[in-house]
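**Student:** here are the coordinates; sequence isn't available:
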């Protein structure tokens, strides 16, 4: 596999990083969790971050950790689908369509929470599961899947996820509709 430095990937896919961090920020605000510091984009590791107070309940912790996955996945599909239709159905391969496909895929490939998000989710899920919190019981294996997805980044799993949501899913939906 081709190894590309993280800062170069950050430059090429910066919209996805910004949307990912905006997802954390959005769910902090929706759950009334104070945000202490936000960095939407930098060319270092991590390429963005949101520092917030500890959530008051497990549902808030879960949503703050998983929020970017939900937001980035939905936005990837919403951005790519119309552009995909323009190119695939109508044969209008204009630069704007391809620009929007790049935008959607870059958003999709930054959907997965970080290993730090997974660790916080795993720890808080373990505590909440002891109180028989059903969401926590479900969230514990989800945190392990996040670790797994992050471990596969070296084989471009995040990129393939963006392609799957932004291009393959519209292709499947289109074939089933016709």
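**Tutor:** Here it is on my side, so go on. Quick caveat, the model's predicted, so the values are computed rather than measured. Residues are numbered from 1 along each chain as shown.

**Student:** alpha carbons only for contacts and neighbour counts from here, please
**Tutor:** Noted.

**Student:** helices of this structure, start to end?
**Tutor:** Using DSSP state H, the helices found in the chain span residues 6-12, 14-30, 58-88, 95-108, 115-130, 134-151, 157-163, 169-177.

**Student:** contacts for the second one?
**Tutor:** What that stands for is helix 14-30. Identification of contacts with helix 14-30 by C-alpha atoms under 8 Å, 6 or more residues apart in numbering yields 10, 34-35, 38-41, 47-50, 52, 60, 63-65, 67-69, 71-72, 103, 106-111.

**Student:** pLDDT on that helix, on average?
**Tutor:** Averaged across helix 14-30, pLDDT comes to 98.

**Student:** which strands and helices lie in contact with the helix or strand bottoming out on mean pLDDT in the chain?
**Tutor:** Using mean pLDDT, DSSP states H and E, helix 6-12 stands out as the lowest-scoring helix or strand of the chain, at a mean of 84. Helices and strands touching helix 6-12, as assessed by 3 or more C-alpha pairs under 8 Å, 6 or more residues apart in numbering; DSSP states H and E, are absent.

**Student:** returning to what we had before: in ChimeraX, how would I select just the buried ones from the contacts of helix 14-30?
**Tutor:** A single ChimeraX command selects the buried members of the contacts of helix 14-30 (16 or more other C-alpha atoms under 10 Å):
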select :10,40,41,47,48,49,50,52,60,63,64,65,67,68,69,71,72,103,106,107,108,109,110,111
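
**Student:** hang on, the earlier thing: centre of the chain to the least confident helix or strand of the chain, how far?
**Tutor:** Mean-position distance between helix 6-12 and its chain equals 16 Å (C-alpha atoms, centre = their mean, to the nearest Å).

**Student:** mind showing which ranges of the chain have poor pLDDT?
**Tutor:** 1-2, 178 (pLDDT under 70).

**Student:** excluding residues flanking it in the chain, which one is nearest the residue nearest in space to the middle of the chain?
**Tutor:** Compute the mean C-alpha point of the chain, and by C-alpha atoms, centre = their mean the closest residue is residue 111, 1.2 Å away. Spatial nearest neighbour of residue 111, chain neighbours left out: residue 69 (4.3 Å); criterion: C-alpha to C-alpha, 6 or more residues apart in numbering.

**Student:** not counting sequence-adjacent ones, nearest residue to residue 125?
**Tutor:** residue 136 (4.5 Å).

**Student:** wait, isn't that neighbour in contact with residue 143?
**Tutor:** No: contact criterion C-alpha atoms under 8 Å: residue 136 and residue 143 do not qualify, at 10.1 Å.

**Student:** who touches both of the two?
**Tutor:** With contacts defined as C-alpha under 8 Å, 6+ apart, no residue is shared by residue 136 and residue 143.
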